[in-house]
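J.: Here's a sequence, model it:
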Amino acid sequence: MVLLHILGVLLVLIVGCNAKTLTNVSIINDPIPEITTENYRLKPDVFPKHYSIELRVRADFYRAKSFSGSVKIGICIGLNSTETDKEIILNAKNLNVTYTTLYELNKPEKNLLNLSNPYYTVPKLDRVVLRLSEEGMLNETCSYVIGINYNGNLQDEMHGFYLSSYKNKNNQNEWLATTQFEAIYAREAFPCFDEPIFKATFDIKIIHPQEYYVLSNEDVIVRESVGEGMYQTSFKQSPLMSTYLVAFTMSKFANLSEPNIEVGKNSIWSRSTFINQGQYSLNIAPKIIKELNELTNISYTTFISKLDQIAIPDLMAEAMENWGLVTYREPMLLWDEESNTRSKQSVTTVIAHELAHMWFGNLVTLKWWSSAWINEGFAQYFEYFATHKVESHWELDKQFVVEQHQMVLNDDSLLASHPLTLEEDKVLTLNNITNRFDSITYAKGASIIRMMKHFIGEEDFTVGIRRYLAHNQEKNTEPKDVWNAFQYNVETLESEPVTLETIMKTWTEQAGFPVVFVEIEETKTTNIILTQIYLVFKDDSEEVITEPAAWYVPISFTTSETRNFSKAGPDFWLQPKDKNYTLENVIANESSWIVLNIQSSAFIRINYSKQLWKSLEHALKRPDFDGIHVINRAQIVDDSMNLARAGEIPYATAFDIGLYLENETDYYPWYSAFKAFEYLKLRFDHAARVTALLNVHIKNLMQELYNNVRRNDKPTHIDTLKKVLALSWACELNNENCVKDAEQLYRSFRDNNTRIEPDLRKIVYCTALRKSKNNEDWEFLKGRLSETHALSEISTIISALGCTRNVDTLNRYLEYSINPALEIRKQDAQSIFNAVVSGGPDGPPIAFAFLQNKLESIKQSYGGIGGLSSILITLSEHLRDETQIRTFEKFINTTDLGEANETVNNAIERCMENIEWVRRYSSDIQKYLEKIVIIPTTTTTKRTTTIETTSIETTTISSSESTPTSTVAYTTTEDSNRASL
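T.: Next comes the predicted model:
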């Protein structure tokens, strides 16, 4: 500690020396070397202990787009450092190095570098290599200092040290400079050891125009004039941390600030026109920190003195967990009463995610990006469960199951999926690293953490969390460190000793998950036999592969006799060695049912035999769903529809089970059902007969749900989410009352400025524009974009404008996204494209034509290759026609997408899978729906639902045909006495 303090003082004295620029420097521009650890990773024999960074940003920085800097790095020379006798390698990218030096701490006058040729750069490997002098052999000590002066560029893309801008209250441009260093972009701002394992402390000084205010990870020590309209801001030394967590911003932002016992100095920063929308986040963040303090038993203020949260107009990710200076996209931090409920939840959970990183990622950090789930899995878990402690009535413990657990089961069932933990030498390039930040890392990581909590118990889980953090604070970890921290809670697995690491490796070191098949034993019908299999979609054909599985699977269950859904911990384990497992005397009779995986506690799917599926179908149609828990009802819907998608059970079985939904009004089963229906609707052409049948089937099933949400005048948080979900589908499916009410609300809004409830705005706007024959409706809503300051309202309008069916208007809307004069935000430009793609059936071909014709402008306006890659993936998910997909494939193959090629090619493969899937299953689905969707031919006193296409005729079922077992009459009475949505 004393050594670091002395070193820091000396570095400040050396910073900024006006050394003569050396010109005898070589640049190695050979072809990109082989992708190996040696070429792409830094050697561990030299590592940093402290950085002293000084940056100078010019008064005209937004025009010059440049800055200058100097960095002094206190380094240690480790054991076995023979390579260091010759060279020291650092990371630097797009930096023009002008001077280098290497000194021993107590001999600053003696440069240990080769003075005639002190360094060379390898741009294709992001390296600057320092050459030591002949007598420059270094000792095993921490007494050396590297000094580098350099010039850098303020990036246009949203990484490194980059520019952003916005309009002030006078409609004039205001500029700011900010940073985004995760995963390997710190090297664009200062030469460094840019790998997570190289932790150090940081002293930062920034010289900047006096009218700007500068923030960094720690609080300001002093802000003082240095003449000529420039100020220097110096910051306290940071905690020990990785380079990707360093951050600084320079802006004219306003702030809300107050002292707080949980975080020290608590502040929200944004442009002044939006600052009042920061009050909610200012209040909620300390509440979340308090819960995390108690959970971890480590106070936030132990390592850092303040919390700045800042809303950046242009940000690559939704948010970034820089220690003490968390950056957010504006809609992810700012909220007020004119914003909707979903936005409030999103703001809160994103804040919780980033604040969880203060412990899981910042205090304890992954060793390398090959196990990114150690950071992101825990943060994603606490995104839901820390917020649940603060806002328990939001039911985020249940929302997690349908939003994260069920979602990522689908992603993890593809052959293109990957293990949570990869070998380090498989993750070397920027593209390798970027691909680690996907749903597997986040959602599956969080799901297996939740599973572990259930099988070791809440109390032991908390003890394990505290032990993990206490033993590894300020260090780097890998998965075995996680398992070791929890190990003492899991000593044996039944009678056979098995370590937690052995159990969890089966979940982290192989892709996919087990499907547990449940059947009645033939010779003794009271017994159940369980078998685990591995089920995966083959990439090129949607063919399903099944193989023996090899997981340690915690199994919980209940039956129609016990109905115990409160215990989510395991009753027993399936082990890799088990070919099958017999559960004795659990089925009382033929009508008895069994449900496995209580409250979806394990990361698995359950498939039942035909008889057991039928028993569940009957149970769900009984009063109170025969006592089956709401989350298990959601699980049954999700498992059955996705097993049918995989061809493991007939779609008729899944649809028969889903018929119970006519009496279901809970949010979670319907969330699962709508996700399954959304998949089907995306697969089928909008004009196909099967689509029309499916639309009527869904519309009829959800009639009671629709009536339920209209009757609820005092909704809870979950009721509101349910209402929005139900009304969105009802209006999209042309429910007469829903459409009529939406159009009426829009007219009152347009003509009389009558306020629409924020939660209903997207539904009202989209429905009205979809049905409108008058383009003035679209122009009116577009005009509201420049009038509103509510960020969620801006996002709502951008999305809704894509709902119009006017082709010329859609083309004009896409042109707006690349018009420099309109200064559309990069992420908003992407949102416009995505809104057109998903807004209606004409959207995908229109957007694709625009993409082909305006590719270069799109790259520039959408944030470079990263933004282009994002919209290409969205487009690929909405292409249904094989000819379109082939044209899309040809376009991709003839377009230089750089590092995005691999991601986009995977998307094309999924497109072709979808075409094959439609060929395989559309006929069976259509036949089923033709039997169940009955159009009455006689006049009744009830309003009957009709299919809005002339190609569908009345369907009758002969007595010889098999009729799906349903209580649905499919003549529907709609409550038409309500005047609003």
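J.: distance of S831 from S795?
T.: 7 Å (C-beta to C-beta, to the nearest Å). For every residue, glycine as well, the C-beta is placed using N, CA and C.
J.: Same question for F202.
T.: 35 Å.
J.: higher neighbour count, those two?
T.: Applying other C-beta atoms under 10 Å to F202 and S795 shows that F202 carries more neighbours, namely 28 against 21.
J.: That one against E54, yeah?
T.: No - the pair F202 and E54 fails to qualify as a contact (C-beta atoms under 8 Å) at a distance of 11.5 Å.
J.: what's the average pLDDT for the helix or strand harbouring A847?
T.: With elements delineated by DSSP states H and E, A847 resides in helix 843-853, which encompasses its position. For helix 843-853, the per-residue pLDDT values average out at 92.
J.: Show the subsequent helix or strand relative to it.
T.: helix 855-861.
J.: got the contact list for that following helix?
T.: Contacts of helix 855-861 from elsewhere in the structure, counted by C-beta atoms under 8 Å, 6 or more residues apart in numbering, are 817-818, 820, 824, 826, 829, 833, 851, 865, 867-868, 871, 895.
J.: continuing past the one helix or strand T502 maps to, what's the next helix or strand?
T.: Taking DSSP H and E as the definition, T502 sits inside helix 500-508. Scanning forward in sequence from helix 500-508 by DSSP H and E, the next helix or strand is strand 514-520.
J.: who does that next one touch, helix- and strand-wise?
T.: In terms of contacts (3 or more C-beta pairs under 8 Å, 6 or more residues apart in numbering; DSSP states H and E), strand 514-520 is packed against strand 528-537, strand 553-555, strand 594-596, strand 605-608, helix 610-620.
J.: can you list these in a markdown table and add mean neighbour count, distance to L769 and mean pLDDT?
T.: Listed next are the helices and strands packed on strand 514-520 as a markdown table, based on neighbours: other C-beta atoms under 10 Å; distance: least, C-beta to C-beta, whole Å; pLDDT from 0 to 100:
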| stretch | mean neighbour count | distance to L769 | mean pLDDT |
| --- | --- | --- | --- |
| strand 528-537 | 20 | 36 | 87 |
| strand 553-555 | 25 | 49 | 95 |
| strand 594-596 | 23 | 44 | 97 |
| strand 605-608 | 25 | 39 | 98 |
| helix 610-620 | 19 | 38 | 97 |
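J.: Dump these into JSON lines; add distance to I268 as well.
T.: What follows is those, written out as JSON lines (distance: least, C-beta to C-beta, whole Å):
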{"stretch": "strand 528-537", "distance to I268": "44"}
{"stretch": "strand 553-555", "distance to I268": "42"}
{"stretch": "strand 594-596", "distance to I268": "46"}
{"stretch": "strand 605-608", "distance to I268": "43"}
{"stretch": "helix 610-620", "distance to I268": "47"}
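J.: Tell me which residues touch L868, please.
T.: By C-beta under 8 Å, 6+ apart, L868 lies in contact with I858, K859, Y862, L897, A900.
J.: how about 10 Å then?
T.: Neighbour list for L868: 830, 833, 851, 855, 858-860, 862, 895, 897-898, 900, 904 [criterion: C-beta atoms under 10 Å, 6 or more residues apart in numbering].
J.: where does it fall, helix, sheet strand or coil?
T.: When the structure is split into helix, strand and coil by DSSP: H, G, I helix; E, B strand; the rest coil, L868 lands in helix.
J.: per-residue pLDDT, it?
T.: Per-residue confidence for L868 comes out at a pLDDT of 81.
J.: What of Y970?
T.: pLDDT, Y970: 39.
J.: Mutual contacts of F202 and E54, please.
T.: Once C-beta under 10 Å, 6+ apart is applied, the residues that F202 and E54 both contact turn out to be V71, F190.
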